[in-house]
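1. Quick one: sequence and predicted model below, then my questions.
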Amino acid sequence: MRRDPVALRLAAVLRKVASDIGWSKRAPEGRGVDVAAHFTFGGYAANAIEVEVSPQGDLAIHRVVTAVLVAQPVNPLGIDAQMQGATIDGLSTALNLEITIDGLHGCPGADQRDLRGLRSPVA
């Protein structure tokens, strides 16, 4: 029986982030851990994230682990930058954040939540 190469590659990046974030261990009290993966633009990417929500509802991101599997990397630093930006963009979308520049809203219709409640370690 032939195994699906797409499934194998997606599983590989998922296993990597799950291992690196400590998926098999219990998260500290008040924290949660989850993983996600996606086939995108010819590559396989996965993120694992450890978060905590304060009693006031503020979100703290304690750790993000990313794995990516692409064909022949030409510029590894470019891949790092792309994954960091994509992770931040995905979090912004998930949290309904918006960008406002000189009164112009980048996400019309988004709620007015801002970045003050979001803490993240420096990448």
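-> Arrived safely, thanks for sending.
2. and the residue positioned nearest the centre of the chain, helix, strand or coil?
-> Centroid-nearest residue in the chain, with CA atoms, centre = their mean: Thr87, separated by 4.0 Å. Three-state assignment for Thr87 (DSSP: H, G, I helix; E, B strand; the rest coil): helix.
3. how near is it to Ala37?
-> As for Thr87, its distance to Ala37 is 13 Å (criterion: CB to CB, to the nearest Å). Every residue, glycine included, has its C-beta placed from N, CA and C.
4. Please enumerate the shared neighbours of the two.
-> Asn47 (CB atoms under 8 Å, 6 or more residues apart in numbering).
5. in the chain, which segments are predicted with low confidence?
-> Flagging of the chain using pLDDT under 70 yields the residue ranges 1, 98-123.
6. I'd like to know how far Asp34 sits from Ala48.
-> When distances are taken as CB to CB, Asp34 and Ala48 turn out to be 7 Å apart.
7. Give me the contact list for stretch 81-90.
-> Applying CB under 8 Å, 6+ apart, the external contacts of stretch 81-90 come out as Ala45, Asn47, Val64, Thr66, Val68, Ala123.
8. what number of residues lie near Cys79?
-> Careful, residue 79 is Ile and not Cys. Neighbour count of Ile79, defined by other CB atoms under 10 Å: 16.
9. doesn't it fall inside a helix?
-> Yes: residue assignment for Ile79, taken from three-state DSSP, places it within a helix.
10. How far does stretch 56-71 sit from its chain's centre?
-> The gap between where stretch 56-71 is centred and where its chain is centred comes out at 4 Å by CA atoms, centre = their mean, to the nearest Å.
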